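In: quick check, what structure comes out for this input:
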Amino acid sequence: MLTSLFYSTPRNESGSRERTAISFAFSSRPAVFTHRLRVGGVPLLVLSCLASGLAVDASAGESGSGSSRDALPETLFLRPEALAAQKQRLEAGDSHVEAAFDELIRRAEEALEQEPVTIVSKPQTPPSGDKHDYMSLGPYWWPDPDSEDGLPYIQRDGEVNPERYDYDLPRLDAVTRAVRDLGPAYYFSENEEYAEHAALLLRTFFIDVETRMNPNLKYAQIRRGHGELNPGGIIETTRFRDLIDSILLLKGSEAWTNEDHTALKRWFGDYTDWLVNSEHAREEAEAANNHGTWWAYQAVLYALFSGKNDVALEVLKTIPDRISDQIEPDGRQPYEIVRTRSFHYHDFNNRGLLRLARLASHVDFDLASFETDDGRGIRTAVEFLIPYATGGKEWEWEQISDIRYNNVARQFRRASVVFEDPKFERAIERLPDGGKGHLHSSVRLLDPPPELEIESGYR
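Out: Below you'll find the predicted structure:
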């Protein structure tokens, strides 16, 4: 079998690195290696061991966070057994998995260039006077052209004000996107450099006293000129939805210690308490539309991560009533269909509900099979979108932006797993252009279809 390994040269005078591939043949993939191959003595030793077919194990003994490399990962949304099976397929030379893995490594290499970021570096100071408090601008709020100073801002639904990117959102996005790729890259490659950089980014943003973010979103999505705060801004930390599993995939690395992990669990435990108990966040919890769904998903995910399973279960028990209110018997969603991007928000809410159904299994709560007597349920909502997404029907409600079929493909993949039904995998194949390119490589690698569909060309 021909296998490629990648190494990066030391930084040159401009500060950049070259990435080089080395190909060699052997009967099966070696035991994992933990150090990036570089020009020099140790890398050559590693290469010589690989070329001779010897297993290289640079991680003998206990890892930094006390987790065995052979143990199943402890992920919450992603299925541990599926990840372990994908890792085995990678070692066996499965071409589908290798292609997705190579794309993951490409993104992880880019993530290594991400400098540590902190929200205390923003030029604005929140009303609290504490720069450790997160602050952002509501995306659809713009200066009033009829006002001399532009205040108060007015809403233009679905149109994003670029001024929004002058606040903390880009910093949150940067660390989230980088760790989202570095965590899985470490799990599959066991290259310690990925874990080391992820740990640095996480410590800077969440843990270190001088640079950490306070665990609240009180000043998220402010609306300039309006005195009241905006609970809807809590939706911005839905960007952490893939971060948690990426953190859990770092367990086993010497770079991510028990101390680090405990500190981060404490941060998310504090944030869970704020989400569930603060008056500000409770207002978002009561939102009838997708905002309420994604508040619930965040509360459940962070509660599970921080060991507050009782809190997660209590939130999950409210979801059947939410489904009954949000979804019509035919699958339409009245709170989303009135928006200017109505297809997008149907899809967005469905993805939140499917994620909740997946998490519910951790506390033995069956959300996937819930359905009212007149047919309102998560499955009904997903099935409603299929003919519109696959060209069988034309969407007849307002949608001012292009449909993002990559998100639709994610939704259908998650539905195929939650409901264990191949019809949703087949729906991916019926998306425009035969579905090609719509299913992101990260989904193909980290969230493969159920075993009954493993021969699908859209793995």
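In: average pLDDT across stretch 79-87?
Out: Mean pLDDT, computed over stretch 79-87, is 97.
In: for the chain, name the helix or strand with the lowest mean pLDDT.
Out: Counting by mean pLDDT, DSSP states H and E, the chain has its least confident helix or strand at helix 41-51, which shows a mean of 35.
In: which stretches of the stretch 151-300 of the chain form helices?
Out: For the stretch 151-300 of the chain, applying DSSP state H, counting those that start in this stretch gives helices covering 169-189, 192-202, 243-248, 258-277, 279-285, 290-305.
In: quick check: phi and psi on the residue of the chain most remote from its centre?
Out: No residue in the chain sits farther from the centre than Glu148, which is 41.3 Å out by CA atoms, centre = their mean. Main-chain dihedrals, Glu148, degrees, to the nearest 10: phi -60, psi -40.
In: check contacts around the residue nearest the centre of the chain.
Out: By CA atoms, centre = their mean, the chain has its centre lying nearest to Asp242, at 2.2 Å. By CB atoms under 8 Å, 6 or more residues apart in numbering, the contact set of Asp242 is 77, 176, 180. Backbone N, C-alpha and C define where each C-beta goes, glycine included.
In: pretty sure the last one contacts Leu243?
Out: Yes - with contact defined as CB atoms under 8 Å, Arg180 counts as touching Leu243 (6.2 Å).
In: which pLDDT value goes with the residue farthest from the centre of the chain?
Out: For Glu148, pLDDT reads 93.
In: please apply the same query to Glu420.
Out: As predicted, Glu420 sits at a pLDDT of 95.
In: burial count for it?
Out: A count of nearby residues for Glu420, using other CB atoms under 10 Å, gives 14.
In: cool, Arg164 as well?
Out: Here the count is done by other CB under 10 Å, and Arg164 has 16 residues near it.
In: same deal with Leu104?
Out: Neighbours of Leu104 (other CB under 10 Å): 23.
In: and it, what element?
Out: Assigned by DSSP states H and E, Leu104 belongs to helix 95-111.
In: next one: the very next helix or strand once past that helix to chain centre, how far?
Out: Heading C-terminal from helix 95-111, the first helix or strand you meet, by DSSP H and E, is strand 135-137. Here strand 135-137 is found 21 Å from its chain centre; the criterion is CA atoms, centre = their mean, to the nearest Å.
In: list the helices and strands strand 135-137 packs on?
Out: Strand 135-137 sits against strand 219-222, with contacts defined as 3 or more CB pairs under 8 Å, 6 or more residues apart in numbering; DSSP states H and E.
In: quick one: strands adjacent to the strand it packs on?
Out: Sheet neighbours of strand 219-222, with direction, are listed as strand 135-137 (parallel) (DSSP bridges).
In: list the contacts of the helix or strand following the partner strand.
Out: Downstream of strand 135-137, the first helix or strand assigned by DSSP H and E is strand 141-142. The contact list for strand 141-142 (CB under 8 Å, 6+ apart) reads 153-156, 159, 161, 223-224.
In: and the two most separated of the residues you listed?
Out: Greatest spatial distance among the contacts of strand 141-142 (CB to CB): Glu159 and Arg224, at 15.8 Å.
In: which one's more surrounded, the two?
Out: Between Glu159 and Arg224, Arg224 has the larger neighbour count (other CB under 10 Å), namely 17 against 14.
In: surely that one is in contact with Ile154?
Out: No - Arg224 lies out of contact with Ile154 (CB under 8 Å); the separation is 10.3 Å.
In: not counting residues beside it along the chain, what's closest to Arg212?
Out: Nearest non-adjacent residue to Arg212, counting by CB to CB, 6 or more residues apart in numbering: Phe206, 5.6 Å away.
In: need the overlap of contacts for Arg224 and Ile154.
Out: In contact with both Arg224 and Ile154: 141, 143, using CB under 8 Å, 6+ apart.
In: any idea how far the helix holding Leu104 is from the chain center?
Out: Worked out by CA atoms, centre = their mean, helix 95-111 lies 16 Å from the chain centre.
In: now that helix: buried residues?
Out: Buried residues in helix 95-111, counted by 16 or more other CB atoms under 10 Å: 96-98, 100-101, 103-105, 107-109, 111.
In: between it and helix 192-202, how many degrees?
Out: Using axes from the mean of the first three to the mean of the last three CA atoms, to 10 degrees, the direction of helix 95-111 lies 50 degrees away from that of helix 192-202.
In: other SSEs contacting helix 95-111?
Out: Secondary-structure packing of helix 95-111 (3+ CB pairs under 8 Å, 6+ apart): strand 2-8, helix 80-92, helix 169-189, helix 192-202, helix 441-446.
In: what do you get if the cut-off is 7 Å, keeping everything else the same?
Out: Judged by 3 or more CB pairs under 7 Å, 6 or more residues apart in numbering; DSSP states H and E, the packing partners of helix 95-111 are helix 80-92, helix 169-189, helix 441-446.
In: how far off helix 169-189 does that helix point, in degrees?
Out: Here helix 95-111 runs at an angle of 130 degrees relative to helix 169-189 (the same axes, to 10 degrees).
In: just the angle between helix 95-111 and helix 80-92, please?
Out: Going by the same axes, to 10 degrees, helix 95-111 makes 100 degrees with helix 80-92.
In: need the CA coordinates for helix 95-111. PDB is fine.
Out: The C-alpha trace of helix 95-111 is given here as PDB (Å, rounded to 0.1, in the frame of the first residue of the first chain):
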ATOM      1  CA  SER A  95      -9.600   5.600  -0.200                       C
ATOM      2  CA  HIS A  96     -12.800   7.500   0.900                       C
ATOM      3  CA  VAL A  97     -11.400   8.000   4.400                       C
ATOM      4  CA  GLU A  98      -7.900   8.900   3.200                       C
ATOM      5  CA  ALA A  99      -9.300  11.700   1.000                       C
ATOM      6  CA  ALA A 100     -11.300  13.200   3.800                       C
ATOM      7  CA  PHE A 101      -8.300  12.800   6.200                       C
ATOM      8  CA  ASP A 102      -5.900  14.600   3.700                       C
ATOM      9  CA  GLU A 103      -8.300  17.500   3.600                       C
ATOM     10  CA  LEU A 104      -8.500  17.600   7.400                       C
ATOM     11  CA  ILE A 105      -4.700  17.700   7.600                       C
ATOM     12  CA  ARG A 106      -4.600  20.500   5.100                       C
ATOM     13  CA  ARG A 107      -6.900  22.600   7.200                       C
ATOM     14  CA  ALA A 108      -5.000  21.600  10.400                       C
ATOM     15  CA  GLU A 109      -1.800  22.800   8.800                       C
ATOM     16  CA  GLU A 110      -3.500  26.200   8.200                       C
ATOM     17  CA  ALA A 111      -4.800  26.200  11.700                       C
END
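In: what average pLDDT does it get?
Out: Averaged across helix 95-111, pLDDT comes to 97.
In: contacts for that helix, please.
Out: For helix 95-111, the surrounding residues in contact (CB atoms under 7 Å, 6 or more residues apart in numbering) are 6, 19, 86, 89-90, 178, 181-182, 184-185, 188-189, 194, 197, 441-442, 444-445, 459.
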